[in-house]
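Trainee: Let me see the structure of the following:
(one chain, ligands or ions: 1)
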Amino acid sequence: MIKENVGELLAELPDGVEVVAAAKTRTPEEVLEAVQAGIKIIGENYVKEAKEAYELVGKRAKWHFIGTFQKHNVRRKVLEIFDMIESVDSLEIAREIDRRCAQIGKIMPILIEVNSGREPQKSGVLPEDVEQLVREISGLRNIKVMGLMTMGPRFGNPEDSRPYFVETRRIFEKIKGLELPDVEMRYLSMGMTNSYKVALEEGANMIRIGTKIFGERD
Ligand SMILES: *Cc1c(COP(=O)(O)O)cnc(C)c1O
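Mentor: Now for the predicted structure:
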């Protein structure tokens, strides 16, 4: 099924849209199957799962961290595996990534996670604080800000997600227009299985898809 699902999804997407296969709870074998079907980027929420899948799949895919990134995640092996961290939401964590990446001679591309739904329990920075955080992080030499990511609140009806995608896009364009040094606003990562069509209409060029690729999670 994974092969068919990936084929269907890739066929319907416009050029220039990158698919991140959200792999949480999936086995390394399932992740490999998705890659063999044409997926180029794997999104991981958990370091342990990422390591296991990486053992099998390795450099056949790019690896994005999309979960809640915490200080204890900033370990050498983790920083070596990941090609991008999509969920940076504080200067503290950015500094830690920067410091560790300097030690291994890597410049880590990151996205800033926006808490577009302003949900207290959710990770991400509030919309009004994004620009300031980007400015602060832009001074760190081993990190490169490459765009924004948002989840938005979960809704049954994907239309309800639209205002949150619109808001995140607005912030993205504003920061892009500032042309800050060492900031390259290239990726706008938003939209999941039930909302990616709306996200694409609102300017997403990176979507994170789990269920539609791998099937329902147990
Ligand atoms: C699980 C997850 C997704 C994908 O969710 P689906 O609804 O299964 O497509 C996207 N982004 C993040 C951060 C996730 O944790």
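
Trainee: Tell me the secondary structure at the most centrally placed residue in the chain.
Mentor: Centroid check for the chain by CA atoms, centre = their mean gives residue 86 as the closest residue, at 3.6 Å. Secondary structure assignment for residue 86 (DSSP: H, G, I helix; E, B strand; the rest coil): strand.

Trainee: which residues touch it?
Mentor: The contact partners of residue 86, by CB atoms under 8 Å, 6 or more residues apart in numbering, come to 20, 43, 64-66, 110-111, 113, 149, 189, 208. C-betas here are computed from N, CA, C, even on glycine.

Trainee: Ok, residue 36 next?
Mentor: With contacts taken as CB under 8 Å, 6+ apart, residue 36 has the following neighbours: residue 3.

Trainee: tell me the pLDDT at it?
Mentor: The per-residue pLDDT reported for residue 36 equals 98.

Trainee: Against residue 99, how distant is whatever residue of the chain ends up closest to the ligand?
Mentor: With distances taken as CB to the nearest ligand atom, the chain approaches the ligand most closely at residue 210, which sits 2.7 Å away. Distance from residue 210 to residue 99, counting by CB to CB, to the nearest Å: 32 Å.

Trainee: what do you get for residue 5?
Mentor: Note on residue 5: its distance to residue 99, by CB to CB, is 40 Å.

Trainee: who's more crowded, those two?
Mentor: The neighbour comparison of residue 5 against residue 99 (other CB atoms under 10 Å) goes to residue 5, with 19 against 13.

Trainee: correct me, but the more buried one touches residue 213?
Mentor: Yes. Applying CB atoms under 8 Å, one finds residue 5 in contact with residue 213, separated by 5.1 Å.

Trainee: Centre of the chain to whichever strand or helix holds residue 52, how far?
Mentor: Counting by DSSP states H and E, the element that carries residue 52 is helix 47-57. Helix 47-57 sits 17 Å away from the centroid of its parent chain (CA atoms, centre = their mean, to the nearest Å).

Trainee: now stretch 29-44
Mentor: That offset, for stretch 29-44, works out to 15 Å (CA atoms, centre = their mean).

Trainee: what are the phi and psi values for residue 144?
Mentor: With angles defined as degrees, to the nearest 10, residue 144 sits at phi -130, psi 120.

Trainee: Just give the number of residues close to it.
Mentor: Based on other CB under 10 Å, the number of other residues close to residue 144 is 16.

Trainee: now swap in the one 5 residues further on and tell me
Mentor: Residue 149 is flanked by 28 other residues according to other CB under 10 Å.

Trainee: Surely it touches residue 192?
Mentor: No. With the criterion set as CB under 8 Å, residue 149 and residue 192 do not qualify as a contacting pair; they are 11.4 Å apart.

Trainee: For the lowest-mean-pLDDT helix or strand in the chain, buried residues please.
Mentor: In the chain, no helix or strand scores lower on mean pLDDT, DSSP states H and E than helix 76-81, which sits at a mean of 91. Buried residues in helix 76-81, counted by 16 or more other CB atoms under 10 Å: 78-79, 81.

Trainee: go on, stretch 140-158?
Mentor: Buried residues in stretch 140-158, counting neighbours by 16+ other CB under 10 Å, are found at 140, 142-152, 158.

Trainee: Strands - which of these land there?
Mentor: Here DSSP state E is the test, and those give 143-150 as lying in strands.

Trainee: Could you export the residues you listed as TSV, including distance to the ligand and pLDDT?
Mentor: Written out in TSV, the entries for these read as follows (distance: CB to the nearest ligand atom, whole Å; pLDDT from 0 to 100):
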residue	distance to the ligand	pLDDT
143	20	97
144	21	98
145	18	98
146	17	98
147	15	98
148	13	98
149	8	98
150	10	98
